[in-house]
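In: Here is a sequence together with a model predicted from it:
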Amino acid sequence: MIARIIIQNFKRYQKVDFTCNSEVNIFVGENGSGKSTLLYGIGLVLSGGHSQIERSSLSSIINQESIIEFMGTRDINQLPEVFVEIYFDESSAEISSNFNIEGKHNSQKIKAFGLSLKITPNQDYIAEITSVLNNSNWTVFPFEFYKVEFLTFSGKTYSSYNKPYKFLHSIINTSLIDTQQEIQKRIHEVYLDNISAENRAKVNHQYRINSLNFLNALRKDELLTENASEFQLHFDESENSFRNSVSAVKNGVDIKNLGQGEKVLLGVENAYSHLKETVRILLIEEPENHLSYQNLQKLVKMLSSNTGVQVFIGTHSNMIASRLGVDNLLFLDNGQISKLEGLKKDTIRFFKKSTNQNLLNFSLGKKIILVEGNAEYILVEKFFEIIHSKKPEEFNVSIISVDGLSFERYLEIAACFVDKKVVVITDNDSDYEGNVQSKYSSYQQFQNIKVSSDLDNDNQTFEICIYKNNKALLDSSGLTKSKDLQGYMLREKAEFALRLLEHLETDNISEKFIIPNYIKEAIEWIIKD
């Protein structure tokens, strides 16, 4: 439905231009990266909501950097202009037959189908704007003299009351969702499912009779004492009185008493259940809010179903990002938007099915150390601290443990980001040339990727390298009663790593401990600019 979006000077975005996926678009980024802004901008253009802008104020909408740049020159010809343009896919008959939204009134001056929000200086107030800018004592930006327009690409104005298209869009913000309203919707659905249309009038009529008889019985038995007040108790006699008085249970629990997570899932389900006939575009803000792992799985299954609806999602969830397709991700960083282009189908399939939930942690990090097991994950952070006297996070370094067989999947993503440094710490498994040099040869061309392993085939694993570098120190450490310490290290990798970590932290032997060279090189490389 939406094929392309171009934004200029809207909130944190000075200039972005990106294409949209036809089914699922997942905005990911750190807090404050602009996920909510994009969903808000899309919803704003589709709704034509002048009232939303009035509630926000232009000072919070016009990009602050563009204002600062302008105030440095105060050149009236350089006053910043704001626009959010939505270009629709012409292959849809619903779009291509709508001449009301076709034209060249867009920033690209091309014939296309679309809608836009434009916030520009009002030429009717050019004299006032000039006066403000010429007054050196005034340092305020002339927001008051801007005009807000919602325009089709044909140049016609529209509003929330007069939209130039027939399809609908829906916005779901799980942090603000009215769970009570959604619960009542579900109760009504249960009612409609359990009582046939021809019986509803009979049921309601019988309910009213029984209710009045019950009230009269209370009066007769003097269980109800009515005083001389002008108000008396009375049952609702409307045609929906029965439907409005009943509830529904799930596994014996009234759905009004469900947890917040289940209520949120219920709300999303309600919104999603009516999409095929009415809604073509769905905007969802942080669908993972309040949801347990199991309910999040249900949500992912729901969102991945083929409904014919184009979905835009802002999320922090690894599961949503990976299970809905890494090729659907749009990465937000410093006011820019990027996509992963040219990923292999096997890599996309891997992240959809993988149990490892590190995709977002990896994708959003700037400096990443990839290790292949629990033992390495437990110890490499301590090794980093020994070398640099600071923890990895103080250098914006993340250590992520992945299955060694999946290193290449992550490196394929790393190759798409020239500003992301990634180093792999891996075993040579007795064949450095085959398992390291040859296997990762295609990544040698990338300056932001490094694969680090011991060159000696006899030092085939992480544990053996540690033992050979620190044999005397470890043999006297008392970390195990086993006479074959190296064998114990290889059998009980994670347990040994935990014991060694405690030994390094409590017995103050860090200055005596020798970190294997390939690990030291990786840790030193990752923080270099």
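Out: Looks like it arrived, so ask away. Numbers count the residues shown, from 1 in each chain.
In: distance of the residue sitting nearest the centre point of the chain from residue 37?
Out: Central residue of the chain (Cα atoms, centre = their mean): residue 315, 1.5 Å from the mean position. Look at residue 315 and residue 37: by Cβ to Cβ, to the nearest Å, they are 15 Å apart. Glycine gets a C-beta too; all of them are placed from N, C-alpha and C.
In: what's the first-to-last distance across stretch 150-165?
Out: For stretch 150-165, the first-to-last residue distance is 13 Å (Cα to Cα, to the nearest Å).
In: who's in contact with that stretch?
Out: Stretch 150-165 has contacts (Cβ atoms under 8 Å, 6 or more residues apart in numbering) with 45, 47-51, 94, 98-106, 112-118, 149.
In: quick one: average confidence on that stretch?
Out: For stretch 150-165, the mean pLDDT works out to 90.
In: tell me which residues of it are tucked away?
Out: 150-154, 158, 163-165 (16 or more other Cβ atoms under 10 Å).
In: ok, now stretch 4-24?
Out: For stretch 4-24, a neighbour-count test (16+ other Cβ under 10 Å) marks 4-14, 16, 20-21, 23-24 as buried.
In: same question, stretch 236-250
Out: 242-243, 248.
In: wait, residue 457 sits on residue 430?
Out: Yes. Between residue 457 and residue 430 there is a contact under Cβ atoms under 8 Å: 4.9 Å.
In: about what we covered before: name the nearest of the buried residues of stretch 4-24 relative to residue 393.
Out: Closest to residue 393 out of the buried residues of stretch 4-24 is residue 12 (24.4 Å), distances taken as Cβ to Cβ.
In: now that closest one: how far from residue 332?
Out: Going from residue 12 to residue 332 by Cβ to Cβ gives 9 Å.
In: Ok, residue 490 next?
Out: Noted for residue 490: a distance of 44 Å to residue 332, by Cβ to Cβ.
In: Counting neighbours, go ahead and name the busier of those two.
Out: residue 332 (24 against 16; other Cβ atoms under 10 Å).
In: got a list of what that one touches?
Out: Contacts for residue 332 (Cβ under 8 Å, 6+ apart) come out as 27-29, 33-35, 38.
In: now do 10 Å
Out: Contact analysis of residue 332 by Cβ atoms under 10 Å, 6 or more residues apart in numbering lists 12-13, 16, 27-30, 32-35, 37-38, 314, 338, 364.
In: Just the buried residues of stretch 4-24: which are in helices?
Out: Among the buried residues of stretch 4-24, no member falls in helices (criterion: DSSP state H).
In: right, and residue 367 touches residue 417 too?
Out: No. Residue 367 is beyond contact range of residue 417, at 11.5 Å (criterion: Cβ atoms under 10 Å).
In: overlap in contacts of these two?
Out: Here residue 367 and residue 417 have residue 448 as joint contacts, going by Cβ under 10 Å, 6+ apart.
In: name the helices or strands packed onto the host helix or strand of residue 120?
Out: According to DSSP states H and E, residue 120 maps onto strand 112-121. Identification of packing neighbours for strand 112-121 by 3 or more Cβ pairs under 10 Å, 6 or more residues apart in numbering; DSSP states H and E yields strand 2-10, helix 35-47, helix 50-56, strand 82-88, helix 93-96, strand 102-103, strand 146-152.
In: where does the stretch 251-400 of the chain have low pLDDT?
Out: The model of the stretch 251-400 of the chain has pLDDT under 70 over residues 251-279, 290, 304-307, 355-357.
In: returning to what we had before: nearest to residue 528, out of the buried residues of stretch 150-165: which one, please.
Out: The closest of the buried residues of stretch 150-165 to residue 528 turns out to be residue 153 (Cβ to Cβ; 48.8 Å).
In: okay, now residue 401: neighbour count?
Out: Residues contacting residue 401 under the criterion other Cβ under 10 Å number 18.
In: correct me, but it touches residue 374?
Out: Yes. Residue 401 is within contact range of residue 374, at 6.6 Å (criterion: Cβ under 10 Å).
In: per-residue pLDDT, the residue nearest to residue 113 when sequence neighbours are not counted?
Out: Leaving out its chain neighbours, the residue that sits closest to residue 113 by Cβ to Cβ, 6 or more residues apart in numbering is residue 88, at 4.5 Å. Per-residue confidence (pLDDT) for residue 88: 93.
In: same deal with residue 60?
Out: pLDDT at residue 60 comes out at 88.
In: Number of residues surrounding it?
Out: Using other Cβ under 10 Å, residue 60 has 10 other residues around it.
In: From residue 50, how far off is it?
Out: According to Cβ to Cβ, residue 60 stands 15 Å off from residue 50.
In: Can you give me the separation between residue 166 and residue 94?
Out: Using Cβ to Cβ, residue 166 is found at 7 Å from residue 94.
In: got any residues that touch both of the two?
Out: Both residue 166 and residue 94 are in contact with residue 280, where contact means Cβ under 10 Å, 6+ apart.
In: Looking at those two now, which is surrounded by more residues?
Out: Between residue 166 and residue 94, counted using other Cβ under 10 Å, the more crowded position is residue 94 (13 against 8).
In: In this structure the more buried one contacts residue 168, no?
Out: No. Applying Cβ under 10 Å as the test, residue 94 and residue 168 come out as separate, 11.6 Å apart.
In: Now list whatever residues contact both of these two.
Out: residue 280.
In: Secondary structure element for residue 378, which one?
Out: Assigned by DSSP H and E, residue 378 falls within helix 374-388.
In: Which strands or helices does that helix pack on?
Out: Helix 374-388 packs on strand 367-371, strand 397-401, strand 421-425, helix 462-469, helix 493-506, helix 517-526, going by 3+ Cβ pairs under 10 Å, 6+ apart.
In: tell me the angle of that helix relative to helix 493-506?
Out: Per axes from the mean of the first three to the mean of the last three Cα atoms, to 10 degrees, the angle that helix 374-388 makes with helix 493-506 is 20 degrees.
In: quick one, helix 374-388 and helix 517-526 angle?
Out: Between helix 374-388 and helix 517-526, the angle comes out at 60 degrees (the same axes, to 10 degrees).
In: May I ask you to confirm that residue 15 is in contact with residue 81?
Out: No. Look at residue 15 against residue 81 with Cβ under 10 Å: they stay out of range, at 11.5 Å.
In: Spit out the residues that contact the two alike.
Out: 8-9, 66, 107.
In: how far away is residue 511 from residue 396?
Out: Residue 511 is 26 Å from residue 396, by Cβ to Cβ.
In: tally of neighbours for residue 491?
Out: Residue 491, neighbours per other Cβ under 10 Å, totals 12.
In: residues contacting it?
Out: Neighbouring residues of residue 491 by Cβ under 10 Å, 6+ apart: 463, 482, 484.
In: Having no further points to raise, I will conclude here.
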